[in-house]
Structure formats: C-alpha cells, structure tokens
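Visitor: Build the 3D model from these lines:
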Amino acid sequence: MKSLIVCTHGVSGIEMVKSAEMICGKQENVEEIGFLEGESLEELKQKFDEALNKLDRSKGVYIFLDIQGGTPFNVAYNYLNGSDEFALYTGVNIPMLIEFFVSRNTLNQNELAAQIVDSARNSISLFNQINTAVEDEEF
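Guide: Residues are numbered from 1 along each chain as shown. Down below sits the predicted model:
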C-alpha cells in the first residue's frame, strides 16, 4: 500500500487527515507531522525519521506539504536526493487527501499523481455571484 506523510506548519495537516478520515474511514500507512512553533529544524527532521520508520514504504512514500519553500518542504525535499521512492506535493487540502485515500490502491504512480493534482486544483472555486449551474444543483 502506498504510504503518506502529511506535514504542515502547526496542526492543520493533522486535522485535515482527521477530516478526510471522517469521509473515507480510518486509514492505514499514514503519518501526520505538525511543525510546531518553537521547534527546531533538527526536531522536525527527527519527526520525519520517526514517521518514515513507522510506514510500509514498499510502494512509495507520498508527502503532502502546506507550502513550497517552508521548513516542512525543505526537510522533505532532502529525502528526494535522486530517489524515486518519494513524491512531494504542496498545497495540501482535504480533497487531495480523499483522492489519495480512495485511489492509492487502484492507480499506478503516474495516474495517482495526476489525480491528486487535478483533485487539488479542481477543489478551488470562487463563488462571488449567483452561479446558475450551482443554482440548479440540489444541496
């Protein structure tokens, strides 16, 4: 089973996983890491090492992060080091987590990558006017 680490500044990633699990059910082979205020870079690296040691990494490790260039991203990026074991995604949101949980056992690596990115992008919408297409849908 493909494994997942979600790492964000603060606990938002931890809470997003909980929210996605409300929809998809409890998930295996998932670790959440919160980079908390006052923690050092070394402490975050240790959290990553601990999370990686808990996972079944045989089918690859997907790492969902909040922002590119932030400390969680920089720590995760160091694990790439020419390895195809890791895939990093920034801009983590609940729809991409749901997509990962629903599709990780059925799609290959390339298909899953495309689905995750599409799901994340397509989940962002602006509703500032009455939209007739939405008006016709049942809520």
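Visitor: Which parts of the protein are strands?
Guide: With DSSP state E applied, the chain shows strands at 3-9, 30-35, 61-65, 86-90, listed in chain order.
Visitor: Looking at the ones you listed, which is nearest to Leu107?
Guide: When those are compared by Cβ to Cβ, strand 61-65 sits nearest Leu107, at 11.8 Å. To be clear about C-beta, it is placed using only N, CA and C from the backbone, and glycine gets the same treatment.
Visitor: Kindly export that closest one (C-alpha atoms) in PDB.
Guide: Below are the C-alpha coordinates for strand 61-65, written out as PDB (Å, rounded to 0.1, in the frame of the first residue of the first chain):
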ATOM      1  CA  VAL A  61       6.000   7.500   0.100                       C
ATOM      2  CA  TYR A  62       3.800  10.400  -0.800                       C
ATOM      3  CA  ILE A  63       4.500  13.600   1.200                       C
ATOM      4  CA  PHE A  64       1.800  16.200   1.300                       C
ATOM      5  CA  LEU A  65       3.000  19.600   2.500                       C
END
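Visitor: List of residues touching it?
Guide: 2-8, 13, 52, 55, 72-73, 76, 79, 85-90, 92, 96-97, 100, 104, 112, 116 (Cβ atoms under 8 Å, 6 or more residues apart in numbering).
Visitor: at 7 Å what do you get?
Guide: 2-8, 55, 72-73, 76, 85-90, 92, 96, 100 (Cβ atoms under 7 Å, 6 or more residues apart in numbering).
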